[in-house]
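J.: Need coordinates for the below:
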Amino acid sequence: MFNGAMINETEGRAVLHTALRDPSASLRLADGSVPGALVKEVLLRMEGFVNGVLDGTWRGCTGLPFTDVVNIGIGGSDLGPLMVCEALSPYRNSLGIHFVSNVDGAHLQRTLQKLNPETTLFLVASKTFTTQETMANAVSARAWFWEQTGRQDGVDLHFAALSTNTQAVKAFGISPDRMFPFWDWVGGRYSVWSAIGLSVALAVGFEHFRALLAGAHAMDRHFRLTPWEQNLPMTLALLGLWNRNFLDIQSLAVLPYDQCLGRFPAYLQQADMESNGKSVDRQGLPLTYQSGPVLWGEPGTNGQHAFYQLIHQGTSKVACDFILPARSHYPVGPHHRYLTANAIAQAQALMQGRDLEQVVAAASAAGRSENEIQRLSPYQVFEGNRPSNFLMCPKLTPHALGSLIAAYEHKILVQGLVWNIYSFDQWGVELGKVLASKLLPLLEEVQQDPVQGLDSSSAALIRRWQAWQED
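T.: Model (predicted):
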């Protein structure tokens with residue numbers, strides 16, 4: 001991976017998100033390009049753009065400085081920057097940052113209705129500039145801007161593109177100097193380090209964005225150079241393999257005890273499940289063992305009052321990753337001590353559990369009757385011996401966040417190698433896209449009979465949908 005080999009073999013691509021945080025690298029690819037030089041050039045352009053927006057040099061069509069930024073993307077072009085912007089909220093400046101991903105019109109409309117078009121900057125994030133959901137939202141955002149300002153000539157001042165398709169970007173109305181490219185060796189779910197991170201840089205300033213990259217690069221070096229016994233991504237990967245393939249634990253709960261990391265589990269869902277949710281090995285044969293787990297989670301302590309019951313006493317065992325910054329950006333009274341005590345207590349409870357003898361002893365010491373003890377004791381036993389990892393850092397800084405994300409990236413790589421699967425393609429998302437493109441014409445003509453060539457279930461659903469459109 002680090003040497004630029006085409007390890008994404010089914011798509012014929014290198015996998016070099018690590019080069020995005022190491023612009024000094026001198027690696028040269030087979031086509032003669034030098035990723036480090038390409039990255040350095042785009043970073044300098046991003047820095048100039050970010051500084052111009054923040055200091056008011058770059059302004060809208062009426063001469064007003066920008067107050068809000070809307071990032072229009074989906075998948076890795078949304079989850080990564082959204083998660084990082086929230087995680088680094090203590091470092092945020094006054095610029096409002098908004099994210100629109102869902103093609104459901106509610107997402108765009110509810111975002112735009114509170115914004116001033118004269119002071120709003122749009123970032124359209126799509127490598128090909130053809131992603132259906134993203135382009136539908138971008139076209140509607142442009143129509144809103146035209147309608148609200150009456151300035152069709154203002155698109156180039158209010159829209160920027162994070163893409164590689166120069167022709168499509170120009171056709172949309174954005175000039176090439178407002179287009180920030182990335183490359184086919186950057187996968188979507190690994191793209192927050194690239195131009196896709198422009199919204200992050202705008203939200204926290206370029207100095208903090210560079211610190212995010214530096215933290216990830218530090219973890220890259222740790223992963224490459226540290227012996228396996230002390231190697232964090234390797235440890236996470238092997239523990240995860242043990243839980244999944246030897247203990248038959250089917251899911252992993254990521255439980256950050258920091259409100260700023262609220263979107264981190266959703267981000268890792270894509271990174272992990274899109275990478276290692278595979279059932280065919282590198283030789284094209286069906287796997288005869290389990291691959292990636294189901295990944296989910298919520299911040300603590302909210303989750304304790306929701307799903308921890310199943311984690312502690314359910315019949316389906318769940319592996320857990322607890323994440324805790326030792327110091328808080330919001331030191332309000334004793335809050336962070338409460339948070340820390342709860343995080344450690346949950347890991348302790350999962351590990352130790354509580355047997356029947358302990359339950360009876362505690363109930364007796366509390367003065368409960370023999371009948372009450374006999375009736376309630378079975379419900380208060382905790383099996384224990386349920387696995388968890390506890391990741392702690394001094395404080396959630398941009399550097400620490402970069403290292404945390406990169407650690408999970410490398411964990412995913414190691415597990416994919418052991419499972420003998422291709423972690424960097426995602427053919428499983430393609431079939432739904434193909435079928436949706438075939439169904440769309442049937443939904444545009446509500447009188448058209450959808451039965452021809454369709455299965456009975458889909459035809460019945462479309463007929464019901466059409467009937468309600470007519471109503």
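J.: Now do stretch 231-247: everything it contacts.
T.: 219, 222-223, 226, 228, 249-250, 252, 289-293, 317, 319, 321, 387, 389, 406-415, 418 (C-beta atoms under 8 Å, 6 or more residues apart in numbering). Backbone N, C-alpha and C define where each C-beta goes, glycine included.
J.: again, only using 6 Å
T.: Identification of contacts with stretch 231-247 by C-beta atoms under 6 Å, 6 or more residues apart in numbering yields 223, 228, 249, 289-290, 293, 319, 387, 407, 410-411, 414-415, 418.
J.: chain center to it, what's the gap?
T.: On the basis of C-alpha atoms, centre = their mean, to the nearest Å, stretch 231-247 sits 21 Å off its chain's mean C-alpha point.
J.: Got a quick PyMOL command for the buried subset of the contacts of stretch 231-247?
T.: A single PyMOL command selects the buried members of those (16 or more other C-beta atoms under 10 Å):
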select buried, resi 223+249+293+319+387+407+410+411+414+415
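J.: Now, the contacts of stretch 231-247 that are in strands?
T.: In strands, defined here by DSSP state E, the members of the contacts of stretch 231-247 are residue 319.
J.: Which of the contacts of stretch 231-247 sits closest to residue 171?
T.: residue 410 (39.0 Å; C-beta to C-beta).
J.: tell me the mean pLDDT for whatever helix or strand residue 45 lives in?
T.: Element membership for residue 45 (DSSP states H and E) is helix 35-55. Per-residue pLDDT over helix 35-55 has a mean of 96.
J.: Off-centre distance for that helix?
T.: Relative to the centre of its chain, helix 35-55 is centred 23 Å away, using C-alpha atoms, centre = their mean.
J.: Over to stretch 189-203?
T.: Stretch 189-203 sits 12 Å away from the centroid of its parent chain (C-alpha atoms, centre = their mean).
J.: Output stretch 189-202 as PDB, nothing but the C-alphas.
T.: The C-alpha trace of stretch 189-202 is given here as PDB (Å, rounded to 0.1, in the frame of the first residue of the first chain):
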ATOM      1  CA  ARG A 189     -14.200   6.400   2.600                       C
ATOM      2  CA  TYR A 190     -10.600   7.400   2.900                       C
ATOM      3  CA  SER A 191     -10.900  10.900   1.300                       C
ATOM      4  CA  VAL A 192     -11.300  13.300   4.200                       C
ATOM      5  CA  TRP A 193      -7.600  13.800   4.000                       C
ATOM      6  CA  SER A 194      -7.900  15.100   0.500                       C
ATOM      7  CA  ALA A 195      -9.700  18.100  -1.100                       C
ATOM      8  CA  ILE A 196     -12.900  16.400   0.300                       C
ATOM      9  CA  GLY A 197     -11.600  17.800   3.700                       C
ATOM     10  CA  LEU A 198     -12.000  21.400   2.400                       C
ATOM     11  CA  SER A 199     -15.100  21.900   4.600                       C
ATOM     12  CA  VAL A 200     -13.000  20.800   7.600                       C
ATOM     13  CA  ALA A 201     -10.300  23.300   6.700                       C
ATOM     14  CA  LEU A 202     -12.900  26.100   6.400                       C
END
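J.: which residues sit against it?
T.: Applying C-beta under 6 Å, 6+ apart, the set of residues contacting stretch 189-202 from outside is 17, 20-21, 42, 46, 50, 69, 71, 76-77, 80-81, 84-85, 95, 97, 123, 125, 162, 180, 182, 186, 209, 270-271, 274.
J.: tell me the mean pLDDT over that stretch?
T.: Mean predicted lDDT for stretch 189-202 stands at 97.
J.: so which strand or helix has the spatially most central residue of the chain?
T.: Geometric centre of the chain, nearest residue: residue 267, 2.3 Å, by C-alpha atoms, centre = their mean. According to DSSP H and E, residue 267 maps onto helix 264-268.
J.: where's that helix relative to the chain centroid, distance-wise?
T.: In terms of C-alpha atoms, centre = their mean, the gap separating the centre of helix 264-268 from the centre of its chain is 5 Å.
J.: average model confidence for the next helix or strand after it?
T.: Beyond helix 264-268 on the C-terminal side, the first helix or strand identified by DSSP H and E is helix 274-276. In this model, helix 274-276 has an average pLDDT of 97.
J.: Can I get stretch 400-415 in CSV? Just the C-alpha atoms.
T.: C-alpha atoms of stretch 400-415 as CSV (Å, rounded to 0.1, in the frame of the first residue of the first chain):
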residue,chain,number,x,y,z
ALA,A,400,-5.1,13.0,18.2
LEU,A,401,-8.2,12.7,16.0
GLY,A,402,-6.0,12.1,12.9
SER,A,403,-4.2,9.4,14.7
LEU,A,404,-7.4,7.8,15.9
ILE,A,405,-8.9,7.6,12.4
ALA,A,406,-5.7,6.3,10.9
ALA,A,407,-5.5,3.6,13.5
TYR,A,408,-8.9,2.2,12.5
GLU,A,409,-8.0,2.5,8.8
HIS,A,410,-4.9,0.3,9.3
LYS,A,411,-6.9,-2.1,11.5
ILE,A,412,-9.3,-2.6,8.6
LEU,A,413,-6.4,-3.2,6.2
VAL,A,414,-4.8,-5.9,8.4
GLN,A,415,-8.1,-7.7,8.9
